[in-house]
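S.K.: Need the 3D shape of this:
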Amino acid sequence: MIKQDKIYIAGHRGMVGSAIVRRLQKDGFTNIITRTSKELDLKEQVAVRDFFKSEKPDVVVLAAAKVGGIHANNVYRAQFLYENLMIESNVIHSAYENGVKKLLFLGSSCIYPKLAPQPLKEESLLTGLLEQTNEPYAIAKIAGIKLAESYRRQYGANFISAMPTNLYGPNDNYDLNNSHVLPALIRKFHTAKISGAAQVEVWGTGSPMREFLHVDDLADACFFLLQNYDEEMFVNIGTGEDLTIKALAEMIKEIVGYTGELKWNTDKPDGTPRNLMDVSRLHNLGWKHRIGLREGIAAVYSEFAKSELAKA
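M.R.: Below is the predicted model of the structure:
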């Protein structure tokens, strides 16, 4: 990847895509192509094909996806499966048809089998049953990884995939109906602090363990892989460290400055018991995360507290 390359970031306004744009610009990459979903609906095959024919990008980062937390994944199952299948199929095929030099597809750690040995090694994919609550999304993401792998095998396309762990950071989704656990807890505790609520409800038992990576670290890892990685096997991206949801909730509560009680709603699902990535492959390649969890959450909350959403 060179400075003159035309780089298309699909999903540039999302948390991941915007972080990758920032990372590229930091190193002087300015020939970046973006389209909003209104300008280009990635679910529409003809529109995507026409876009690639006219723009002819050299490099593609596929960060666009239909995403959400446990509730959204479980309720909008058809949408999550259909929309993600269409997005990745259209972009990957058009990238191949138009001679894209390199493509990076982003998966998700939730696509590993529910009871896979921990920490999760890349080789564990497709070795067991998926977590039921997010099975459609997981199947779609697995299909994307297999598309990249298959276009490499059949056509020699330099398409690679990365598997990020749970992410947080600027431009996260704080909608309580479809956000992930970390931003949801930030918003819940902030709202409770402002309103003086005596307690905050948290879903599940608090016992599941999760790993969290700041999106700026993910963007840095993607930048590293685009420059240094050209192999078929996808690569886990994470910290290699996890904590319980209970410990996470208590950390966020402390950072936000909420002094009330936590109420655990055990009628709600926990999801996968543990989800820790084995990041030894990435470490051996020469990349490691830099932003600690407490430091990252504190920075994210500082920005959130200044936003219009925090005043609602």
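
S.K.: how about the helices in the stretch 151-300 of the chain?
M.R.: In the stretch 151-300 of the chain, the helices defined using DSSP state H, counting those that start in this stretch lie at 181-195, 215-228, 245-256, 280-285, 293-306.

S.K.: Output these in TSV, with distance to Ile92, mean neighbour count and mean pLDDT appended to each entry.
M.R.: Placement of C-beta: from N, CA and C, glycine included. Listed next are the helices of the stretch 151-300 of the chain as TSV, based on distance: least, Cβ to Cβ, whole Å; neighbours: other Cβ atoms under 10 Å; pLDDT from 0 to 100:
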stretch	distance to Ile92	mean neighbour count	mean pLDDT
helix 181-195	29	21	94
helix 215-228	16	21	98
helix 245-256	34	19	97
helix 280-285	22	15	98
helix 293-306	31	16	96
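
S.K.: Columns distance to Leu125 on top of those helices, output as TSV?
M.R.: Below are the helices of the stretch 151-300 of the chain laid out as TSV (distance: least, Cβ to Cβ, whole Å):
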stretch	distance to Leu125
helix 181-195	23
helix 215-228	18
helix 245-256	24
helix 280-285	13
helix 293-306	26
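
S.K.: Of all the ones you listed, which one comes closest to Arg274?
M.R.: Among the helices of the stretch 151-300 of the chain, helix 245-256 comes nearest to Arg274, with 10.8 Å by Cβ to Cβ.

S.K.: Now do that closest one: everything it contacts.
M.R.: 181-182, 185-186, 189-190, 193, 200, 202, 204, 206-210, 212, 243, 262, 264, 270, 293-294, 297-298, 301 (Cβ atoms under 8 Å, 6 or more residues apart in numbering).

S.K.: closest one to Ala162 among the helices of the stretch 151-300 of the chain?
M.R.: Comparing the helices of the stretch 151-300 of the chain by Cβ to Cβ, helix 215-228 comes nearest, at 6.0 Å.

S.K.: That closest one to helix 293-306, inter-axis angle?
M.R.: Angle between the axes of helix 215-228 and helix 293-306 is 120 degrees (criterion: axes from the mean of the first three to the mean of the last three Cα atoms, to 10 degrees).

S.K.: Tell me the helices and strands packed up against helix 215-228.
M.R.: Helix 215-228 sits against helix 15-26, strand 59-62, strand 102-106, strand 159-164, strand 166-168, strand 235-237, helix 280-285, with contacts defined as 3 or more Cβ pairs under 8 Å, 6 or more residues apart in numbering; DSSP states H and E.

S.K.: Show me how this protein divides into domains.
M.R.: The chain resolves into domains spanning 7-168+212-237, 181-208+242-275+292-311 when parsed by automatic domain parsing.

S.K.: Could I have the CA atoms of the helix or strand of the chain with the lowest mean pLDDT written out in CSV?
M.R.: Every helix and strand in the chain was compared by mean pLDDT, DSSP states H and E; the lowest is helix 70-75, with a mean of 75. Only the C-alpha atoms of helix 70-75 are listed here, as CSV (Å, rounded to 0.1, in the frame of the first residue of the first chain):
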residue,chain,number,x,y,z
ILE,A,70,-27.6,-9.1,22.0
HIS,A,71,-31.1,-7.7,21.8
ALA,A,72,-30.8,-6.4,18.3
ASN,A,73,-29.0,-9.5,17.0
ASN,A,74,-31.7,-11.7,18.5
VAL,A,75,-34.8,-9.7,17.4
